[in-house]
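J.: what follows is a predicted protein model with its sequence.
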Amino acid sequence: MLAQDLSVRWFTQPANPRTFQARTTGLLSDGEAQQLSFDLVKHCQSFEISQFSSDPSLFLFEARLGLIQLALDQAGEPVLRLGHLELLIQRSNGSLREFERLLRVSSGQAWLDLLEPLRAGKFALEGLRNVG
């Protein structure tokens, strides 16, 4: 499909040296980015795809949590629609703690927390060697 059109750079994964990370950039349509995320689910433990188009979104996958797609605003922040917030309020049944949990799930915070150490990559560790 579109995999042959992407040039991939491989790095040792600093958070787990027995694994690797790949980084790439490419011009994909919204449908191609979504299909790429579906294809990667079959082969990866975790990944993140940032899609900057007229309808920007973020695809996050972590094997234990599954795949989530978040709509993004112009600043790159997740967008939660008013109807979705109303649904979260109903599901929380008046519990602030449950509402906060549902809000974290809806905003992809659990995925972001797990992917953050993997996001640092090779470059952050190279800079670390120069400290001190």
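T.: The structure has been received and is ready for your questions. Residues are numbered from 1 along each chain as shown.

J.: strands along the chain, start to end?
T.: 9-12, 20-23, 46-51, 57-62, 66-71 (DSSP state E).

J.: Throw these into CSV and include distance to Leu87, thanks.
T.: C-betas here are computed from N, CA, C, even on glycine. As requested, those are exported to CSV (distance: least, C-beta to C-beta, whole Å):
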stretch, distance to Leu87
strand 9-12, 40
strand 20-23, 35
strand 46-51, 25
strand 57-62, 20
strand 66-71, 15
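
J.: any stretches of the protein with poor pLDDT?
T.: 1-5, 120-132 (pLDDT under 70).

J.: shouldn't Thr24 be in contact with Val8?
T.: Yes - counting by C-beta atoms under 8 Å, Thr24 touches Val8, with 4.7 Å between them.

J.: those two: who's more crowded?
T.: Between Thr24 and Val8, Thr24 has the larger neighbour count (other C-beta atoms under 10 Å), namely 13 against 10.

J.: so what's that one up against?
T.: Leu6, Ser7, Val8, Arg9 (C-beta atoms under 8 Å, 6 or more residues apart in numbering).

J.: most surrounded residue in those residues?
T.: Going by other C-beta under 10 Å, Leu6 tops the contacts of Thr24 with 13 neighbours.

J.: tell me who's in contact with that residue.
T.: By C-beta under 8 Å, 6+ apart, the residues touching Leu6 are Thr24, Gly26.

J.: from Phe99, how far off is it?
T.: 40 Å (C-beta to C-beta, to the nearest Å).

J.: Leu36 now?
T.: 33 Å.

J.: go on, Ala75?
T.: Ala75 sits 24 Å away from Phe99, going by C-beta to C-beta.

J.: which of the two has more residues huddled nearby?
T.: The residue with more neighbours, out of Ala75 and Phe99, is Phe99; 17 against 5, by other C-beta under 10 Å.

J.: quick one: that one and Leu88 touch, right?
T.: Yes - between Phe99 and Leu88 there is a contact under C-beta under 8 Å: 6.1 Å.

J.: perfect, that will be all.
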